[in-house]
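> I need the structure of the sequence given here:
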Amino acid sequence: MHELLGTLAGIQETVLLYQGERGRPRAKRVTTEMDGTQKRLYDLFGLGAYAPRR
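Residues are numbered from 1 along each chain as shown. Down below sits the predicted model:
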């Protein structure tokens, strides 16, 4: 159980901030890169429904 939770904890969301048009700052949310086990768990638990779209 501890290993499963540790692996899931490695799936993270990052917020990228950058200068947009007309001087307004923009933010884009993305998930971090996942290894094979993380990707399988991500798919198994349907986490894509809660993740930001790229």
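
> so what's Gly48 up against?
Contacts of Gly48 were listed using C-beta atoms under 8 Å, 6 or more residues apart in numbering, and they are Tyr42. Backbone N, C-alpha and C define where each C-beta goes, glycine included.

> need phi/psi at it.
Here is the backbone geometry of Gly48 (degrees, to the nearest 10): phi -60, psi -30.

> show me the helices in the protein, by range?
Taking DSSP state H to define them, one finds helices in the chain at 2-9, 36-44.

> give me the angle between the last one and helix 2-9.
Inter-element angle recorded for helix 36-44 and helix 2-9: 80 degrees (by axes from the mean of the first three to the mean of the last three C-alpha atoms, to 10 degrees).

> what average pLDDT does helix 36-44 get?
For helix 36-44, mean pLDDT rounds to 95.

> a markdown table for the helices of the chain, including distance to Arg24 and mean neighbour count?
Putting those into a markdown table (distance: least, C-beta to C-beta, whole Å; neighbours: other C-beta atoms under 10 Å) gives the following:
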| stretch | distance to Arg24 | mean neighbour count |
| --- | --- | --- |
| helix 2-9 | 33 | 10 |
| helix 36-44 | 32 | 13 |
